[in-house]
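1. Could you look at this predicted model? Sequence included:
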Amino acid sequence: MGTDTMHVEIIRNTLARHRAEPTRLLQILRDVQDHFHQIPSFAMPVIAEETGVPIAQVRGVTEFYSFLSTAKQGRFHLLVSDSISDHLLGSRDIAAYLSQKLGVAIGQTRPDERVSVDYTSCTGLCDQGPAGLVNGHWIPHLTHARIDRIADLIERDIALSEWPEELFLVDDNIHKHGLLLNSELPLGAALRKGLQQGADATLAAIEKSGLRGRGGAGFPTAGKWRFCRQEAGEHIVVCNADEGEPGTFKDRVLLNQYAHGVFEGMTICAATIGANKGFLYLRGEYRHLRPQLEAILNTRREQQLLGADIVGQAGFDFDIEIHLGAGAYICGEESALIESLEGKRGVPRNRPPYPVTSGYLGKPTVVNNVETFLAAALITLHGGEWFAVHGTGKSCGTKILSICGDCANPGIYEYPFGVTIREILQDCGAENTQGIQVGGPSGTFIGANEFNRTLAFEDLATGGSFIVFDQTRNVLEIARNFTHFFAHESCGFCTPCRVGTSLLRNLLDKICDGHGTAGDMLELSRLATQIKHASHCGLGQTASNPVLSTLERFPEIYQAHLKTTTFEPGFNLDKALETSRRLTGRDDAQAHLETEGM
Amino acid sequence: MFNLDGQVIPFQEGDTIMDAAMRAGVYIPHLCHDPEFTPHGSCKLCTVKVNGRNCSACTFPAAANQTVFNNSEELNEIRLTLTQMLFVEGNHFCPSCEKSGNCQLQGVGYELGMLDTHFPLFYPQRQMDASHPDILLDRDRCILCSLCVRASRDVDGKNVFAISGRGIHSELVVNAESGLLEDTDLSADDRAAHICPVGAIIVKRHGFEAPIGERLFDHQTVGEWSLDQFDTGEQAWQRD
Ligand SMILES: Cc1cc2nc3c(=O)[nH]c(=O)nc-3n(C[C@H](O)[C@H](O)[C@H](O)COP(=O)(O)O)c2cc1C
Ligand code: SF4
Ligand code: SF4
Ligand code: FES
């Protein structure tokens, strides 16, 4: 066989493993990428032909996800996290050192195709940065010394499987256990209780507990399950483990230590709404966890907690499949997640209909956060009251936080809702705090005079991200990092977000670089407000929050960065003349402009 | 019945706000919508305020007792900004474009009183595809409305187009291994060859047929035109 035929054969085998199902397109492409370090052009027609997906759509999916690439990547593909917490820990320097050490520019593949280096939005290791990924596997705590070791392994061409285990070690860093993290859940106990008491009683318990979704929006979980259950036909349960919000990593820890409880919660949901099929949508950055999660699923199958006739209840069939994402924050949005599960680009759907009526392949679907399912399992075991006695009026129970940034002990903390920001800061060892980003880039930036505020849906809501910044940090740079993040992660579907986030990024860059004027500041808030009001989904609707919340609280910091002129062009006038100078062969003083404001 | 800018609008089961408004002769600015196709909801020009919340009129279901604002200063300002965004995102050199005068993006610009592009231009570098004997694809003018994607898929049954890339790097791609139009079965009779609201997909050898003064939007606004088209059920592509 020639190499070409052999390569096509490999692709056909990959396709066969996935039964060439169009819904598995993203999984197929991931496997092809792993093998060839790219999606080679000869792969697309084969994939298109066998899955029946038009080749333009295969390309469309390929070019949507950050972890898929039509250009050849190195056999060792290194990504350095660009998340703000990693920035604070020097990730930019680390990336520069890595690039210099390996002799490859950032964003490039070395000519020998052995190695490539780039940035990635967030690795989910904000408590142990600067962090990176090598061929999708975590490498925390990047230091010059560790990079020397990595570079050495790469130069000696040691296979990743032979690298010292210790390079990949990730800590859970749980610093404060609360109601959920302290609870024991004997295998199957919650599920058995749920089945025994019946769906109505389970729903009543969850209702009584006051549990609201932990993914950010806080929709009452019992209500969501009930709406879905009312719909006719086949039902689907989806666990949203996309966790793309920079600064959020609690689901990583829950999946590492509490996966049984999470799967049990999904199974209870299935029993309640009448579903046979479940998915765990695992963000690509968490692929390291996949083997152990598969093993847990297998244990549960062996224990008759998944599969056919679960715990002996005839007719209750349910199983869970793991779907791996491929580097797209938008796939955490539930309808984009469903599109992605169907093998498509992660573009949020129009609503209504909502997923509870028409979700995965048009079937009624419950999408819940990892923590929500864990809580639902424990509530089923212990009853609604057990949970409801904690927290505040509108926010029952506890919330698990991922804390990172300028504090002595970054990691996981669980608090009853209603806890004050000040108390959290004390616990994690934060000093000289200037401000906190609560709820990730899409949340709110609060200043020191707001530390009496509380964590709760009625005050500061959060999916779990809590990033601390001390007095030495530049607020503008924080807003800039987040604004770049959104511009990078916009799915591109709707005009205000697609174009607007790029405009906002450019304008903020102009101000940060010292070229902004008073007019630019007005423009910044006008543009930010319009993007917020016109965007199709939550990403665009919150993409301006970093700008708006820092503009509101720190106008003087922006002011201090402005030029005193009324107008300053957004580009370098003198540089724009470069082509003319080249064409005319002139480079004398008069062919240059002084670029100062007008 | 619901209330639109103070006017009482009847609706039928299954109507979107756009459907009901159009039937009642009220124009809601739009670019990615054509009543004949499944709504897409991407351009966001049709943003209206429904019971205090912004929604896309083309996708949002009409319901009894809704209070909807359409022609308000705030919404028209958003629409103007969105139109300006579409202009700066691509390369729209209108004086040299065959679609000038018949272009809905231009038409909407006139309608909203757009005098300049306001934002710094992006000057993207996008590939032009002139490979097809009868049809030209000039990606510089594409506003990613997806109408050609829908027309080719739903009417022509050919799936010639798709959207690729992400974010600001989104682009229209062609369904062929080469990525070129000449290698598809797109024909000049296809619906997809005539649906483009701007000058991105044009049929060759038909440029500048109507003299200035006799083009679509020389004597009527884009609003009048689209309501008129809705009334008569006549299709845009039969006209140009
Ligand atoms: C851009 C964007 C990203 C999101 N990312 C996540 C995520 O990573 N995990 C999550 O559970 N919810 C995420 N959400 C919220 C989900 O859309 C959805 O509300 C949630 O998964 C529902 O689960 P819950 O009811 O348990 O909170 C995101 C929403 C948006 C708009
Ligand atoms: S708001 Fe942004 S992410 Fe959401 S649909 Fe629009 S472009 Fe996509
Ligand atoms: S080519 Fe025309 S019809 Fe197709 S997406 Fe672009 S603007 Fe819309
Ligand atoms: S016409 Fe409704 S979003 Fe484009």
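-> Right, received. Where do you want to start? Residues are numbered from 1 along each chain as shown, chains lettered A, B, ... in the order given. Ligands and ions are numbered 1, 2, ... in the order given.
2. The most centrally placed residue in chain B: what's it in contact with?
-> Against the mean C-alpha coordinate of chain B, by CA atoms, centre = their mean, the closest residue is B:Leu31 at 2.7 Å. The neighbours of B:Leu31, taking CB atoms under 8 Å, 6 or more residues apart in numbering or on different chains as the test, are B:43, B:45, B:86, B:104-105, B:108, B:143, B:145, B:197. Glycine gets a C-beta too; all of them are placed from N, C-alpha and C.
3. Kindly report the same for A:Phe445.
-> A:Phe445 makes contacts with A:435-438, A:475, A:478-479, A:545-546, A:549-550, A:553, as judged by CB under 8 Å, 6+ apart.
4. repeat for A:Gly103
-> With contacts defined as CB under 8 Å, 6+ apart, the neighbours of A:Gly103 are A:Arg110.
5. ok, now how distant is it from A:Trp163?
-> With distances taken as CB to CB, to the nearest Å, A:Gly103 is found 20 Å from A:Trp163.
6. where does the residue nearest to A:Gly332 when sequence neighbours are not counted fall, phi/psi-wise?
-> In space, and not counting its chain neighbours, A:Gly332 is closest to A:Asp242: 3.7 Å by CB to CB, 6 or more residues apart in numbering or on different chains. Reported as degrees, to the nearest 10, the phi and psi values for A:Asp242 are phi -80, psi -30.
7. go on, B:Ala188?
-> Main-chain dihedrals, B:Ala188, degrees, to the nearest 10: phi -70, psi -10.
8. about what we covered before: in JSON lines, list the contacts of A:Phe445 along with secondary structure, pLDDT and neighbour count.
-> Shown next, in JSON lines, are the contacts of A:Phe445 (DSSP: H, G, I helix; E, B strand; the rest coil; pLDDT from 0 to 100; neighbours: other CB atoms under 10 Å in any protein chain shown):
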{"residue": "A:Gly435", "secondary structure": "strand", "pLDDT": "97", "neighbour count": "25"}
{"residue": "A:Ile436", "secondary structure": "strand", "pLDDT": "97", "neighbour count": "28"}
{"residue": "A:Gln437", "secondary structure": "strand", "pLDDT": "97", "neighbour count": "30"}
{"residue": "A:Val438", "secondary structure": "strand", "pLDDT": "96", "neighbour count": "26"}
{"residue": "A:Val475", "secondary structure": "helix", "pLDDT": "95", "neighbour count": "19"}
{"residue": "A:Ile478", "secondary structure": "helix", "pLDDT": "97", "neighbour count": "23"}
{"residue": "A:Ala479", "secondary structure": "helix", "pLDDT": "97", "neighbour count": "30"}
{"residue": "A:Asn545", "secondary structure": "helix", "pLDDT": "97", "neighbour count": "23"}
{"residue": "A:Pro546", "secondary structure": "helix", "pLDDT": "96", "neighbour count": "30"}
{"residue": "A:Ser549", "secondary structure": "helix", "pLDDT": "95", "neighbour count": "21"}
{"residue": "A:Thr550", "secondary structure": "helix", "pLDDT": "95", "neighbour count": "23"}
{"residue": "A:Arg553", "secondary structure": "helix", "pLDDT": "94", "neighbour count": "18"}
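9. remind me, longest helix of chain B?
-> Ranked by number of residues, the top helix in chain B under DSSP state H is helix B:73-89.
10. tell me the SS of the residue nearest to the centre of chain B?
-> State at B:Leu31, reduced to three classes by DSSP: H, G, I helix; E, B strand; the rest coil: coil.
11. Phi and psi next, for it.
-> Backbone dihedrals for B:Leu31, given as degrees, to the nearest 10, come out at phi -130, psi -40.
12. Can you report how many residues lie near the closest residue to it other than its chain neighbours?
-> Using CB to CB, 6+ apart and skipping the chain neighbours, the partner closest in space to B:Leu31 is B:Cys43 (4.2 Å). Other residues within reach of B:Cys43, judged by other CB atoms under 10 Å in any protein chain shown, total 29.
13. pretty sure B:Cys43 contacts B:Thr83?
-> No: distance between B:Cys43 and B:Thr83: 9.1 Å, which falls outside the contact criterion (CB atoms under 8 Å).
14. Report the contact partners of the residue in the stretch 151-300 of chain A that ligand 1 sits nearest to.
-> With CB to the nearest ligand atom as the measure, the residue in the stretch 151-300 of chain A that lies nearest ligand 1 is A:Gly213; the distance is 2.0 Å. For A:Gly213, the contacting residues are A:219-221, A:224, A:368-369, A:372, taking CB under 8 Å, 6+ apart as the criterion.
15. can you pull the pLDDT of it?
-> At A:Gly213, the predicted lDDT confidence score is 98.
16. Can you get me a residue count around the residue lying closest to it once chain neighbours are set aside?
-> Computed as CB to CB, 6+ apart, the closest residue to A:Gly213 that is not its neighbour in sequence is A:Phe219, at 4.8 Å. Taking other CB under 10 Å as the criterion, the count of residues near A:Phe219 is 15.
17. can you list the weak-confidence ranges in chain B?
-> Residue ranges of chain B with pLDDT under 70: B:233-240.
18. Near ligand 3, which residues of it are found?
-> Residues of chain B lying near ligand 3 by CB under 6 Å from any ligand atom: B:142-148, B:172, B:195-196, B:198, B:200-201.
19. could you redo the last one with a cut-off of 5 Å?
-> B:142-143, B:145, B:147-148, B:196, B:198, B:200-201 (CB under 5 Å from any ligand atom).
20. what subset of those is also close to ligand 1?
-> The overlap between the residues of chain B next to ligand 3 and the neighbourhood of ligand 1 (criterion: CB under 5 Å from any ligand atom) is empty.
21. Now the buried members of the residues you listed.
-> B:142-143, B:145, B:147-148, B:196, B:198, B:200-201 (16 or more other CB atoms under 10 Å in any protein chain shown).
22. So which of those residues are in helices?
-> Residues of these located in helices (DSSP H): B:147-148.
23. from the buried ones among the residues of chain B next to ligand 3, which is closest to A:Leu153?
-> The shortest distance between A:Leu153 and any of those, using CB to CB, involves B:Cys142 and amounts to 45.5 Å.
24. I figured the closest one was touching B:Leu172, is that so?
-> Yes: contact status for B:Cys142 versus B:Leu172: in contact at 5.0 Å, counting by CB under 8 Å.
25. if we can go back for a sec, weed out the non-buried ones from the contacts of A:Gly213.
-> A:221, A:224, A:368-369, A:372.
26. Out of those residues, which sit inside helices?
-> Judged by DSSP H, the buried ones among the contacts of A:Gly213 include A:221, A:224, A:372 as members of helices.
27. Nearest to A:Ser535, out of these: which one, please.
-> The closest of these, once distances to A:Ser535 are taken by CB to CB, is A:Lys224, at 23.5 Å.
28. A:Glu342: neighbouring residues, count only.
-> Around A:Glu342 sit 17 other residues, with neighbours defined as other CB under 10 Å.
29. circling back: and the furthest pair within the contacts of A:Gly213?
-> The most widely separated members of these, counting by CB to CB, are A:Pro220 and A:Asn369 (13.3 Å).
30. what's the span of stretch A:181-200 from first residue to last?
-> Stretch A:181-200 has its terminal residues 27 Å apart, counting by CA to CA, to the nearest Å.
31. Kindly report the same for stretch B:118-130.
-> Stretch B:118-130 has an end-to-end distance of 31 Å (CA to CA).
32. and what of stretch A:139-158?
-> Counting by CA to CA, the length from the leading to the trailing residue of stretch A:139-158 is 16 Å.
33. So for A:Cys396, what's the nearest residue that isn't a sequence neighbour?
-> Leaving out its chain neighbours, the residue that sits closest to A:Cys396 by CB to CB, 6+ apart is A:Gly210, at 3.1 Å.
34. now that neighbour: how far from A:Cys269?
-> Look at A:Gly210 and A:Cys269: by CB to CB, they are 17 Å apart.
35. My guess is A:Glu477 contacts A:Asp509. True?
-> No: the pair A:Glu477 and A:Asp509 fails to qualify as a contact (CB under 8 Å) at a distance of 10.9 Å.
36. pLDDT on the helix or strand where A:Ile268 lies, on average?
-> Following DSSP states H and E, one finds A:Ile268 within helix A:259-273. Averaged over helix A:259-273, pLDDT sits at 98.
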